[in-house]
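**Student:** Provided below for reference: sequence and predicted model.
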Amino acid sequence: MALRFRSDLKSQPTSPLHLAFSHPLSQWDSVSNASAPGTIRGTVRIESKIQPRSLAFSLYSRRGKSPLNNNPQVPVNELQNVVLYLEGRFQNLDAASNAGLPKESPTIQQVNETFIPHVLPIRVGTTVDFPNGDPFFHNVFSLSSARSFDLGRYPKHQVRSVTFERPGIIKVFCHIHSHMSAVILVFEHPHFSAPNSAGSFLLTDIPPGAYNLVAWHERLKPQKKCIVIAAGTNVQVEMIL
């Protein structure tokens, strides 16, 4: 599965986060839910060169490339724009529908004409807040097929929110500031993680079975590893992008 960043703002179908496999998993179909869950601990490293985001807008007269960091005074750690997630057959997702929902709504702040964080992984049903921390108007919107919205113009200290009910990749922009962009990844299951600044990540409560562990970055080719989780085991893994 290739997740590609599109630079135009025309309404295009957005690829959902399908549960696909590169290895046969039929031998794990009969795994009992009573088996103790496992854990994946690991690190992710970026060795590939990351190209600047090319943001071409039909809504604006100017066109060009944005730097990796729109605000040069704030250094960017691209490891924190990586998402790790599992592809596989997960049982009882409906019964655990609220297991991956945060108690408080996650936020994508607008500060210094930058969305912070740039990448946000969430579970289906999560509401995301978009507070404006700048002393001028922003207008947050998305044309993504999984969730299109337009929050309108609003000033500093105001917060507007969106609930995401479908899985997929949501590209977020600002009508007023053409260089601003963010990405929201919406999953049907809770088995995803964003690494810390050192690249360490943790996935817990994984039912026994065989899965693909995917390392995703907006501008790099996703990398996959087949991971087998036995009951109660702790798997160590390194992912390289």
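**Tutor:** Structure received.

**Student:** which residues touch stretch 219-235?
**Tutor:** For stretch 219-235, contacts defined as Cβ atoms under 8 Å, 6 or more residues apart in numbering pick out 1-3, 5, 22-23, 35-42, 46, 48, 50-51, 53, 86-87, 206-216, 237, 239-241. The way it works is simple: take the backbone N, C-alpha and C, and place the C-beta from them, glycine included.

**Student:** before we move on, what about stretch 135-147?
**Tutor:** Stretch 135-147 is contacted from outside by 9-14, 16, 110, 130, 132, 148-156, 160, 162, 164-177, 180, 186, using Cβ under 8 Å, 6+ apart.

**Student:** of the residues you listed, buried ones?
**Tutor:** The neighbour-count test (16 or more other Cβ atoms under 10 Å) marks 9, 14, 110, 130, 132, 149, 151, 154, 160, 162, 164, 167-175, 177, 180, 186 as buried among the contacts of stretch 135-147.

**Student:** packing partners for the helix or strand where residue 163 lies?
**Tutor:** Secondary structure from DSSP states H and E places residue 163 in strand 159-164. Packing partners of strand 159-164 (3 or more Cβ pairs under 8 Å, 6 or more residues apart in numbering; DSSP states H and E): strand 126-131, strand 149-154.

**Student:** any chance of CSV for the ones you listed, columns mean pLDDT?
**Tutor:** Listed next are the helices and strands packed on strand 159-164 as CSV, based on pLDDT from 0 to 100:
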stretch, mean pLDDT
strand 126-131, 98
strand 149-154, 98
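
**Student:** can you tell me how far residue 50 is from residue 172?
**Tutor:** Distance of residue 50 to residue 172, computed by Cβ to Cβ, to the nearest Å: 19 Å.

**Student:** go on, residue 221?
**Tutor:** According to Cβ to Cβ, residue 221 and residue 172 sit 22 Å apart.

**Student:** run a quick neighbour tally on residue 194.
**Tutor:** 17 (other Cβ atoms under 10 Å).

**Student:** oh sorry, the question was meant for residue 125
**Tutor:** Residue crowding around residue 125 was assessed by other Cβ under 10 Å; the count is 15.

**Student:** now it. Nearest residue, chain neighbours left out?
**Tutor:** Counting by Cβ to Cβ, 6 or more residues apart in numbering, residue 101 is the residue found nearest to residue 125 once chain neighbours are left out, at 5.8 Å.
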